[in-house]
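Participant: Test case, fold it:
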Amino acid sequence: MGILPFAVGVFASPLPVVIAIVMLFTPHARPTSVTYVVTWVTGLTAVTILFILMAGALEQQDEPRGWLTWLRVILGVLVLVMGVRMWLGRTVDHTPPWLTSLMNAGSREALRYGILMSAANPKELLMALAAGLAIGTSGLGFAPSAGALVVFVAVGAASVAGPLIVFLLGGDKTLARLERAREWLQTNNTSVAAVVMIVIGLLLLIGGILKLIG
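Facilitator: This is a model prediction of the structure:
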């Protein structure tokens, strides 16, 4: 089914992780961070399920399904072009004002950003679309498809949930290390995201071409 590259693409998306770390420095760190992580995971799960159902419904139609392969190719080209443009336009990222304002965030802001960084994040949506196509058109039954969904979400969510888990296990003494991680991710946000997009785009494109000529 090949969903792991797309899960890794979600995992390696830096900005949602940066926000997850920032939430740990808010006045009510635990409830705010839990709200953000739970909302983010729910958003990613919801959009992936939607794409799986759409792909499955289209796969069951009687029309020729070659367009699904072409869709993978087009999606691969789109992701690849986005990644190349991000790489060519990369700069050293500094702390934007909106990110600084999150230091005073509460559960409401955590809920909003959880949705924005998952269900309304173009990068996550592209990965969810690719995974949904792979699962929805695999022809597997409910249990294997559900298992693939769980793997996709679990791997993708590990980076976002990781800071919260580290904080809950280690307490305040982990904040200094998490802050250094946030600074590195924020500084290299564009470069990391560009590399991930290029790799995923190539995987989609090559996979689609091989299906067309196979």
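Participant: so what does the lowest-mean-pLDDT helix or strand in the chain touch, helix or strand wise?
Facilitator: Within the chain, confidence by mean pLDDT, DSSP states H and E is lowest for helix 97-101 among all helices and strands, at a mean of 76. Under the contact definition 3 or more Cβ pairs under 8 Å, 6 or more residues apart in numbering; DSSP states H and E, helix 97-101 sits against helix 14-22. Bear in mind the C-beta positions are built from the backbone N, C-alpha and C, glycine included.
Participant: Check the average confidence over the helix it packs on, would you?
Facilitator: The average pLDDT within helix 14-22 is 92.
Participant: from here on, count from 33
Facilitator: Sure, I'll start numbering at 33, so the last one becomes helix 46-54.
Participant: angle of the next helix or strand after it against helix 46-54?
Facilitator: Toward the C-terminal end, the helix or strand that comes next after helix 46-54 (DSSP states H and E) is helix 61-91. With axes from the mean of the first three to the mean of the last three Cα atoms, to 10 degrees applied, the angle from helix 61-91 to helix 46-54 works out at 150 degrees.
Participant: quick revisit: just the buried positions in the following helix or strand past the least confident helix or strand of the chain, please.
Facilitator: As assigned by DSSP H and E, the chain's next helix or strand after helix 129-133 is helix 139-148. Buried residues in helix 139-148, counted by 16 or more other Cβ atoms under 10 Å: S139, E141, A142, L143, Y145, G146, I147, L148.
Participant: any idea how far the last one is from V79?
Facilitator: It stands for L148. Separation of L148 from V79 (Cβ to Cβ, to the nearest Å): 13 Å.
Participant: what residues do these two have in common as contacts?
Facilitator: Residues touching both L148 and V79 by Cβ atoms under 8 Å, 6 or more residues apart in numbering: none at all.
Participant: Need the pLDDT of V79.
Facilitator: On the pLDDT scale, V79 gets 96.
Participant: now Q92
Facilitator: In this model, Q92 carries a pLDDT of 63.
Participant: go on, I245?
Facilitator: 80.
Participant: Quick one: low-confidence residue ranges for the chain.
Facilitator: 33, 91-99, 123-128, 246 (pLDDT under 70).
Participant: Let's see that with 50 instead.
Facilitator: 94, 96 (pLDDT under 50).
Participant: Tell me which other helices or strands the helix or strand hosting G108 touches.
Facilitator: Per DSSP H and E: G108 is located in helix 98-120. In this structure, helix 98-120 makes packing contacts with helix 61-91, helix 154-168, helix 221-245, judged by 3+ Cβ pairs under 8 Å, 6+ apart.
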